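# generate coordinates for the sequence data below:
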Amino acid sequence: MGEPAPGSYHDQGRYAPQFEEVGSDVDHEEYEASNLNVEAVSDPPGSEEEGQRQATLEELLIVDEEEYEITGDEEEEEEEEEEEEEEEEEDSEGETGPPAASTGRPGLPPGSEGINIYIPGIGNVPLSSLGQLTQQFGGGGGPPRQAPQPEVGERAWAGFRQLPEPTQSAILGLTVDAHARGDEEFTLLLLGKGGVGKSATVNSLLGERAAIVSGFQATTNRPAAYTRTLPDGFRFTVIDTPSLLEQDAVSTMRLEGVAEAIRDTPIDAVLYLDRLDVYATDGTDEQLVDAITAHFGADIWDQAVLGFTRATPEAPPLGTDFAAWVEQRPAQLAALVRKAQARYGGGRQGGKAAPAPALPVALLENHSACPQNGEGERLVPGGVAWVSALVRALRELRHARGGAWRHDAVAAARAANPDRRRKWLIPLVLAAQVALKLLLDRVLEWDQVAGDEDGPFDPQTVRERARELQARKALLRKQALAQKRRLARGKAEMAKLARGEVDNDDE
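Numbering: from 1, shown residues only. Here you go, the predicted model:
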């Protein structure tokens, strides 16, 4: 065969990275080979069809024997493996008959052992391992792989001892406060858009792979409560929720699902998550914050911490200082929260506006490559161990608020009803209307007395017209009084006739 053309598929294979030795192991779990298909060859060795097929196979596969130098130790190991395979074949032949004329891997052509195949995006993979690939990814007639399931529900906190000691101490602080107020549980509710790292935060807080995390698609379709218990009976619950957006619109169904999941459940703290590497809030953020406030009530934000994931030095916009960005980005979201609280009457006590408490802010980074300190705690810029810092912020928030938050669906619906907002203004508006009418009547009357379209009257005419106006108003009052008396007499006569009819009926 001639030299492959530069840039062709075969030419790419020649310059692709090669494995160090033929038949080296490949971490197949990190790659997918669903599009790879190698058909079985059943022609007997030595036939013309077999020779043509072998020549075609050599053209398609990338083999460079000079790159794979086998040392003496490796040769001895290969010879021992071949002897063991021959002994196994002899034993199997004695029991089940002679083996079929094929390679040791079912579905592969003869002579393909020790040959690599180039897979774009992966590199060179031993052809002998393709059977394992097809079985692993659901091919080859093997049993399908079971999808991992989240470890929801209540169970012993197995991952607590895996957490760094400072994180354990911070969590034990929650237990001390809970026991002091006669409680044995701390419940944290996570809210936010999709892809902000809610499920990954669950795993970081629990020290376990409890929630399923994927970087390519949403893995949480409904609210899930992860409850972990310590030996002293303390229960730490994290409620993970799905994205409250469906495409670019707020999902009322998902909001109702979250409301149903937390019904009659005291929430000690709410962690609203967003990403630090998003450079501005938009209409979607405002709609989401507004919907949460309308659905759950404005007081939900009094129990909230604003958390920002992907807190890395690369998160701020180009040319922006990290410390300045950490102040600017939370301020954007906090402004939306305050606007929604004002719209839905948040923080009102006795009809007077109460000052809204400050919203705590926490920085998070769930990536496995996040730097760590000597005790194994993950650090965000500034050297802050974020898991311990978040737990302490939750503890301080719970202590400052003095009580847990409960979702009151009736009160939230009443506050969200626009017809019930600012009802205290109604009497003031009515009084203002009456006063304005009286003032306009006086102005119009004086305008009739003082002049007409031709100009003002002289003083004598003004006095005469004023007396006429007073006489006319007195006459109107007398007529109105007479009309009122006639109506009263009519009502009395009707009542008398009604009593007379009743008396006749009794007789």
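# please make it C-alpha for all contacts and neighbour counts, starting now.
Will do.
# can you give me the helices for the stretch 351-500 of the chain?
Using DSSP state H, counting those that start in this stretch, the helices assigned to the stretch 351-500 of the chain run over residues 386-401, 409-416, 425-450, 459-506.
# ranking the ones you listed by mean pLDDT, which is last?
Of all these, the minimum mean pLDDT falls on helix 409-416 (a mean of 67).
# quick one on the thing from earlier: what would the helices of the stretch 351-500 of the chain look like in a markdown table with mean neighbour count?
Formatted as a markdown table, those follow (neighbours: other CA atoms under 10 Å):
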| stretch | mean neighbour count |
| --- | --- |
| helix 386-401 | 19 |
| helix 409-416 | 16 |
| helix 425-450 | 12 |
| helix 459-506 | 12 |
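# export these to a markdown table and append columns for distance to Ile171.
Conversion of those to a markdown table gives the following (distance: least, CA to CA, whole Å):
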| stretch | distance to Ile171 |
| --- | --- |
| helix 386-401 | 7 |
| helix 409-416 | 31 |
| helix 425-450 | 48 |
| helix 459-506 | 79 |
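# closest to Val289 out of the ones you listed?
Proximity to Val289 (CA to CA) singles out helix 409-416 among the helices of the stretch 351-500 of the chain, at 13.3 Å.
# closest one to Trp301 among the helices of the stretch 351-500 of the chain?
Across these, Trp301 has its closest neighbour in helix 386-401 (11.2 Å, CA to CA).
# remind me what that closest one packs against, helices and strands.
helix 165-180, strand 269-275, strand 361-363 (3 or more CA pairs under 8 Å, 6 or more residues apart in numbering; DSSP states H and E).
# and the angle for it with helix 165-180?
Between the direction of helix 386-401 and that of helix 165-180, the angle (axes from the mean of the first three to the mean of the last three CA atoms, to 10 degrees) works out to 20 degrees.
# the helices and strands packed on helix 386-401: which one's closest to Val152?
Across the helices and strands packed on helix 386-401, closest to Val152 is strand 269-275 (CA to CA), at 18.9 Å.
# what's that closest one packed up against?
strand 185-192, strand 304-309, helix 386-401.
# can I get these in TSV with distance to Arg228?
Formatted as TSV, those follow (distance: least, CA to CA, whole Å):
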stretch	distance to Arg228
strand 185-192	10
strand 304-309	22
helix 386-401	15
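# which among the ones you listed is found nearest to Glu256?
Within the helices and strands packed on strand 269-275, the stretch nearest Glu256 is strand 185-192; the backing value is 13.1 Å (CA to CA).
# tell me the secondary structure for Glu151?
Of the three states, Glu151 takes coil according to DSSP: H, G, I helix; E, B strand; the rest coil.
# excluding covalently adjacent residues, which one is nearest to it?
Of all residues beyond its chain neighbours, the one nearest Glu151 is Ala210 (4.8 Å), with distances taken as CA to CA, 6 or more residues apart in numbering.
# which strand or helix spans that neighbour?
Taking DSSP states H and E as the definition, Ala210 sits outside all helices and strands.
# wait, isn't it in contact with Gly153?
No: because the distance of 10.1 Å does not satisfy CA atoms under 8 Å, Ala210 is recorded as not touching Gly153.
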